[in-house]
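Novice: need coordinates for the below:
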Amino acid sequence: MDSSKVLIVGSTGYIGTWITKACLASSRHQTFLLTGPTTHASIHKLPLLLSYKQEGATLVEASLDDHESLVSLLSGIDYVISAIAENQIEQQLKLVRAIKQVGTIKRFLPSEYGVDPDFMEHSIAPGSVLFEQKRKVRRAIEESGIPHTYVIAHCFAGYFLSGLASFGRFWPPAAKVQIYGDGNHKVVWMVEEDIGKYVVKAMDDVRTLNRTIYVRPPSNIKSQMEVVNLWEALSGKTLQKEHITEQQWLQNIQDENLPWELRHAFSIFYHIFFEGVIMSFPINHDNEASSLYPEESVHNVNIWLNTLRLEATLKMIKTDFFAKNSLRCHQNS
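Specialist: You can find the predicted model right below:
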């Protein structure tokens, strides 16, 4: 029996990289990657694309703006996974039109993976724009009768957990950590590798057809304060807690002197950490990825933070080693 053919859009993006790796690791699928023409702006992606090719991926050049070539390409595809960037979400409407015309796609997974947009109609600007666009894509998919699955994976470890959720940090703080309010709203922290595996698992599962699947393993549901406490226990260091009030954070969002992109990020953080939107609604057992796929191991928060601690320790040792040797060389010169 021939393996299914999967087209991934956005394979060189942040989460798209992990989805692509998971798909290539699956012997059940032939992986096709949508690529555009190489430009000065995209040339840095070539090594990654070539590494995919060496692992068995087929690179196909097409444009979302060329409807006919897109239809032609999709005619030989079984499944489509989109990991398109946040600032291009509405570009997926072109993909929806092509998938509808082809009529043979077995499943489409649009670019979701963060907070569920259907629970964010109350969201505040400018972050509300992203959720509006995602809902617009969802409704177009449903109105077109396209078989689909929406995968919600919440907070990526690389973006959120690596800096203990301190805004703008991607490495654990050495002395002080930002705490949003009392820091007690529950959050789901997911390692990107696990997200990629669950996306590929859900793609052709009959149980996930036309449903929203949440990646919400119990071991990864922790508040920001719980994460900070874990880090302190692992590292043996007590961090100064800088509690930020809701009003202070709202002022950041409303400050029109700040770049739009920064205010956008502030508003997403607001809903996650001040409002607690991620765990504000229950889900069914059969809508949760770790329950659907118990055979898949998950990097839980404790293990991931301990790995991060070891990396931080190694980095500190290397820095100290080079500093001492630099000084020794200077003294001997």
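
Novice: residue boundaries of the helices in this protein?
Specialist: In the chain, the helices defined using DSSP state H lie at 14-25, 46-54, 67-74, 92-102, 128-143, 192-203, 224-235, 246-254, 260-269, 289-292, 301-332.

Novice: what about the second one, distance to the chain center?
Specialist: By that I understand helix 46-54. Chain-centre distance of helix 46-54: 21 Å, with CA atoms, centre = their mean, to the nearest Å.

Novice: which elements pack onto it?
Specialist: Helix 46-54 sits against helix 14-25, strand 29-35, strand 58-61, with contacts defined as 3 or more CB pairs under 8 Å, 6 or more residues apart in numbering; DSSP states H and E. For glycine as for every other residue, the C-beta is placed from the backbone atoms N, C-alpha and C.

Novice: how far off centre is the last one?
Specialist: The one in question is strand 58-61. On the basis of CA atoms, centre = their mean, strand 58-61 is displaced by 23 Å from the centre of the chain it belongs to.

Novice: stretch 251-270 now?
Specialist: On the basis of CA atoms, centre = their mean, stretch 251-270 is displaced by 20 Å from the centre of the chain it belongs to.

Novice: got it, and stretch 236-256?
Specialist: Centroid separation for stretch 236-256 versus its chain: 23 Å, with CA atoms, centre = their mean.

Novice: mean confidence score for that stretch?
Specialist: Regarding stretch 236-256, the rounded mean pLDDT is 96.

Novice: what about the helices of the chain, which gets the closest to residue 162?
Specialist: For residue 162, the closest of the helices of the chain is helix 301-332, at 6.6 Å, according to CB to CB.

Novice: what's the mean pLDDT across that closest one?
Specialist: 60.

Novice: make a markdown table out of the helices of the chain and add mean neighbour count and distance to residue 112.
Specialist: Formatted as a markdown table, those follow (neighbours: other CB atoms under 10 Å; distance: least, CB to CB, whole Å):
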| stretch | mean neighbour count | distance to residue 112 |
| --- | --- | --- |
| helix 14-25 | 22 | 10 |
| helix 46-54 | 14 | 22 |
| helix 67-74 | 16 | 20 |
| helix 92-102 | 20 | 10 |
| helix 128-143 | 18 | 7 |
| helix 192-203 | 23 | 9 |
| helix 224-235 | 18 | 23 |
| helix 246-254 | 14 | 23 |
| helix 260-269 | 18 | 14 |
| helix 289-292 | 20 | 13 |
| helix 301-332 | 12 | 22 |
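
Novice: mind checking these for the one nearest to residue 86?
Specialist: helix 128-143 (5.8 Å).

Novice: follow-up on the earlier one: using CSV, lay out the helices of the chain together with distance to residue 218.
Specialist: Putting the helices of the chain into CSV (distance: least, CB to CB, whole Å) gives the following:
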stretch, distance to residue 218
helix 14-25, 22
helix 46-54, 33
helix 67-74, 38
helix 92-102, 32
helix 128-143, 26
helix 192-203, 14
helix 224-235, 13
helix 246-254, 28
helix 260-269, 24
helix 289-292, 8
helix 301-332, 11
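
Novice: nearest to residue 3, of those?
Specialist: Closest of those to residue 3 is helix 14-25, at 11.0 Å (criterion: CB to CB).

Novice: summarise which helices and strands the closest one is packed against.
Specialist: strand 4-9, strand 29-35, helix 46-54, helix 192-203.

Novice: could you give the angle of it to helix 46-54?
Specialist: Using axes from the mean of the first three to the mean of the last three CA atoms, to 10 degrees, the direction of helix 14-25 lies 20 degrees away from that of helix 46-54.

Novice: where does pLDDT dip in the protein?
Specialist: Where the chain drops to pLDDT under 70, the residues are 1-2, 37-42, 312-333.

Novice: repeat the analysis, applying 80 as the threshold.
Specialist: The chain contains residues with pLDDT under 80 at 1-2, 27, 36-44, 311-333.

Novice: thinking again about what came up before, for the helices and strands packed on helix 46-54, which one sits closest to residue 195?
Specialist: helix 14-25 (6.1 Å).

Novice: residue 33 touches residue 17, doesn't it?
Specialist: No - judged on CB atoms under 8 Å, residue 33 makes no contact with residue 17 at a distance of 10.9 Å.
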